[in-house]
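K.L.:
what's the 3D shape of this:
(4 chains)
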There are 2 protein chains.
Amino acid sequence: MTDKTKKVTMHDVAKHAGVSYQTVSRVLNNSCNVSNQTREKIEKAITQLKYVPNVLAQQLSKQTSNYIGFINVGYSLASTVLSAELNKYVLEAKYKLVISIANDLSLECVDKLILDFKSQCIDKIIINVPLSNEDAITLNQKHDDIRILFLDVDPFCPVFNVTFNPSDGAVATIKHLKDLGHKNVALIAGPDISISARIRNKVYLDVLASNNLNVKTIVSGDWSCESGFSAAMQIVYEHKDITAILVANDQMAIGAIAALNERQIAVPQDISVVGYDNTVDSAYSIPSLTTVNLNRPLQCKIAVDKILDENSSGMSTVLPTELIIRKSSDKCLSSIKKDSIQTIDTILELSNNLKSMLLNK
Amino acid sequence: MTDKTKKVTMHDVAKHAGVSYQTVSRVLNNSCNVSNQTREKIEKAITQLKYVPNVLAQQLSKQTSNYIGFINVGYSLASTVLSAELNKYVLEAKYKLVISIANDLSLECVDKLILDFKSQCIDKIIINVPLSNEDAITLNQKHDDIRILFLDVDPFCPVFNVTFNPSDGAVATIKHLKDLGHKNVALIAGPDISISARIRNKVYLDVLASNNLNVKTIVSGDWSCESGFSAAMQIVYEHKDITAILVANDQMAIGAIAALNERQIAVPQDISVVGYDNTVDSAYSIPSLTTVNLNRPLQCKIAVDKILDENSSGMSTVLPTELIIRKSSDKCLSSIKKDSIQTIDTILELSNNLKSMLLNK
DNA sequence: AAATAAAATGTGACCGTTCACAAAAATAAT
DNA sequence: ATTATTTTTGTGAACGGTCACATTTTATTT
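P.N.:
Numbers count the residues shown, from 1 in each chain, chains lettered A, B, ... in the order given. Down below sits the predicted model:
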C-alpha cells in the first residue's frame, strides 16, 4: 500500500516529451492537428510513464461523462440479467455502465441515487425500480436536465421507457387454460408496492372475467420462492375446487409447485401452474414451467439504443410477450375421471408406501 | 431536456448568503469554526437554491472518494446476492458502492476495470472474479497504491481476501454420503477457468479418495442449470452403477435433477444429488436439495469491514461452511432391495400409464 | 483600556483536465 | 521574396471544489 510514485499527470507527459500539455491533450482526444512526429513522441512518453488520464478531471472539465448510470433493485434473477445485458450493450456502444442498487423502492431512495449520479456528471440514467406512474413522472420532471429511461413501468406512463405489453401474454395464458377446460383459478400476485405486480394482477383479473373464469382467491407474495410456497399452501388449504394457479413470476411459481408437491397434489394432473418471466431456470423445474416469456436481452438492447440516441422519438417502447407452454399446465379433469384416477392414486400410494418401507429397512 | 437553470455551485450559494465560498465549504464539511448565525444563513441558501455539491470536483480536489468499487461477474444468483448485500453494508458505513461487471474472466478485463476505478479516485475495490492465484497476485502488486479485496479466491493465495473454507463442507458431504452407504459417485464440476471450480473439484477428489469412494466420472459444466442437465444425462447414459452425484453448485444440481427425472430415475431413491452454495431457491426444488451452505451475508459484512479498516491485520479471512441435509440425498440401496423395488416400480408405471390414458381421453 | 488569545471569515493556489483563443511554424499563393 | 493561408503548438481561463494560510472580528485576560 505504498504510494511511492506520485500520480503521473498530463503535465508530466508533456515535460517528458518536451511539448505543452495541450498537445498531449490533443493526442489523447486524437485531434487531427498534430504532426506525426510529435504524436509519436508523446505516445512513447505515455507508455513509458504509464500515464492514465484522470477521468474525474476530464468529466469535471467537459461537464459530461461517458458513463450510463443504472439504478437497479437488489436480489431477483431478472435484475441480474438486466445488469449483465445492459453492461454488454453499453460497452459495445463504447460507454461504461455504473450500477447503483436501490435499498428500497421509495421515490426518495431513487431520487437520492439520481442526485448522486448527477453530481458525478452522469446524465444518462436507466432505472429498473417498479415505480408508480406518479413517481416516475415526478422524477422525470424534477430531473429534466438529464436523460432518464425507465424499465418495466406502466406502458401508458408518459415517460421515456421500455416495457412489455402487459396483456398479450396474459390473454394467451388464459386462452390456454380455458382451452384446457379450467374453470376455477387462484392467483398468486406480486407485492402491492410494485407497479408491475399491480398491472399484471389487474390484467389477469380483467381477462379472466371476460373469459368467464372464476377467480376463487388472490394471495400476494413478495416475488420469492418462499412466498410462493406459503401462498400456495394457503390456497389449497382454503380452496379445494381450483384447478389452476396463475402466478405473477417464475420464482413464486416454483415455490408454489414445491408446496403442492408437499401436499401430494400433482402438477399438472390436479392443478396446473403458470409462471411469468421465463427466467433461465424455469425450464428445469419439475414439472417444467409453463410461463410468459419476457425478452430481456432485447429490452436491454433497445434501452441502450434509445438512451444514447439523442433524437430518439416516441416515449414508450412496448415489447410483445409470448406464452411458453411446458409441462406444468395440462387438461382440467372432470370430477368423474378424477374419481377413477383417485382409485389408481390409492394403488400408487400403497405401492409407494411399500417401497418406502423397503427403502428404510 | 432543458438546461434552463445553469448548475448552481458553491460560489452561487456564497453570493446568495453574502459570504465567501470557503465558509460554504466549511458548512458542508461541518467544520466547527463557523458561527451559528452564518451557518443558518448558508443552510437556508443551500436549500433555497437546491444546491448539490459536485462529487467530481470534491474527489478531484481531495484526491480520494467515499466510493467502494465492486467488480462482479455477470449472471449467477450468487453474484446478485453479493451486490445487494455489499451495497447494504457499504451504505451502513456511509460509503457508496459502484458496481462494474467483468465481461469476461480474464486478467486484462479486471485490470482495465481497476484502472477505470483508479482514474476516478476510487481506491478501495472489492473483486468477485474467480481468478487464479497468479492473476490475483499480479493485480495486487500492480495496483499496490490502492486497497483490493478479493472474494472467493484460493484461501492460500496471499492476497487480501474473504473466502470460504473449501474442505469442511466437502468433508461433511462425503461423510454424509458414506454413512448412507454410497460407493460409486459421479462429479459435475464447474468450468475449468474458474479457480473456485478447480478448488472444489480438487477437494472433492481428495476427500473421496481418502474415504475409498469411487469416482466413476467427472463432467464439467458452466454453472448453469442447462449444463447440469446435459452433464447428468451424459453420466447416467454412460454409468449405470453410480448412486450419487456431487455437483459443484446448486443450479447445475437442479438441472441434473431435472435430467434424472426425465430419465425416470428417482432422486434420492435411485441416485442422491448434492449441490453447493445453498442459494435461496435450493430449498424449493423437488426434491429439496442437500447442499453446502455459504454464508454470503456474513462474507459481505466482513469484506466491507476489512476494506474500510485501514489497519486491518491478516490477509485471508476463511469462513466455515456447513452441510444442509434436505431430501435429495438418502440411503444407498443394495441391489437386492433394488430388485424388489423394481417390481413395485413396474406396478407403479402400469398404474401411471392407466392414469395417463384416462387423463388424455 | 490595552494586550493577548481565540474564533470566524476571506484569499490564493491547486487537483488534472478541456476549451477558446493567440502565437508560431510550415506551406501555398502571388 | 513577400504575403496569405494553413497547420501546428502554446497560453490563460475555466470546471467546482479543498487546503494552507492570512486576515479580520470577537472574546478573554491583564
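K.L.:
Spit out the contact partners of A:R39.
P.N.:
A:V27 (CB atoms under 8 Å, 6 or more residues apart in numbering or on different chains). Where you see a C-beta, it was placed from the backbone N, CA and C, and this is true even at glycine.
K.L.:
Please read the previous query as pertaining to A:V110.
P.N.:
A:71, A:102, A:127, A:129, A:131, A:135, A:139.
K.L.:
rerun that using 7 Å as the cut-off
P.N.:
A:71, A:102, A:127, A:129, A:131, A:139 (CB atoms under 7 Å, 6 or more residues apart in numbering or on different chains).
K.L.:
Kindly state the pLDDT recorded for the closest residue to A:R200 other than its chain neighbours?
P.N.:
Spatial nearest neighbour of A:R200, excluding adjacent residues (CB to CB, 6 or more residues apart in numbering or on different chains): A:A248 at 5.1 Å. The per-residue pLDDT reported for A:A248 equals 97.
K.L.:
hang on, A:A248 packs against A:V274?
P.N.:
No: A:A248 is not in contact with A:V274 according to CB atoms under 7 Å; the separation is 10.1 Å.
K.L.:
sorry, back to before: nearest to A:A253, out of the contacts of A:V110: which one, please.
P.N.:
Using CB to CB, A:V129 comes nearest to A:A253 of the contacts of A:V110, at 23.0 Å.
K.L.:
contacts for the host helix or strand of A:L208?
P.N.:
Secondary structure assigned from DSSP states H and E places A:L208 in helix A:195-210. Residues outside helix A:195-210 that contact it (CB under 7 Å, 6+ apart) are A:130-132, A:152-154, A:166-167, A:170-171, A:174, A:185, A:187, A:189-192, A:215, A:246, A:248, A:276.
K.L.:
If we use 6 Å, what do you get?
P.N.:
A:130, A:132, A:152, A:154, A:166-167, A:170-171, A:174, A:189-191, A:215, A:246, A:248 (CB atoms under 6 Å, 6 or more residues apart in numbering or on different chains).
K.L.:
now swap in stretch A:69-83 and tell me
P.N.:
With CB under 6 Å, 6+ apart as the criterion, stretch A:69-83 contacts A:86, A:97-102, A:110, A:113, A:117, A:122, A:125-129, A:279, A:296, B:75, B:80, B:84.
K.L.:
change it to 7 Å
P.N.:
Outside stretch A:69-83, the residues touching it (CB under 7 Å, 6+ apart) are A:86, A:97-102, A:110, A:113, A:117, A:122, A:124-129, A:151, A:223, A:277, A:279, A:296, A:300, B:75, B:77, B:79-81, B:84, B:87, B:101.
K.L.:
Now for the contacts of A:V110: which two are most distant?
P.N.:
A:A102 and A:L139 (12.0 Å).
K.L.:
From A:W223, how far out is A:L105?
P.N.:
Distance, A:L105 to A:W223, using CB to CB, to the nearest Å: 12 Å.
K.L.:
The residue nearest to A:R200: what's it in contact with?
P.N.:
Counted by CB under 7 Å, 6+ apart, A:A248 has contacts A:188-190, A:197, A:200-201, A:276.
K.L.:
Include neighbour count when you put these into TSV, please.
P.N.:
Putting the contacts of A:A248 into TSV (neighbours: other CB atoms under 10 Å in any protein chain shown) gives the following:
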residue	neighbour count
A:I188	29
A:A189	23
A:G190	24
A:A197	20
A:R200	25
A:N201	22
A:Y276	28
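K.L.:
Thanks a lot, see you next time.
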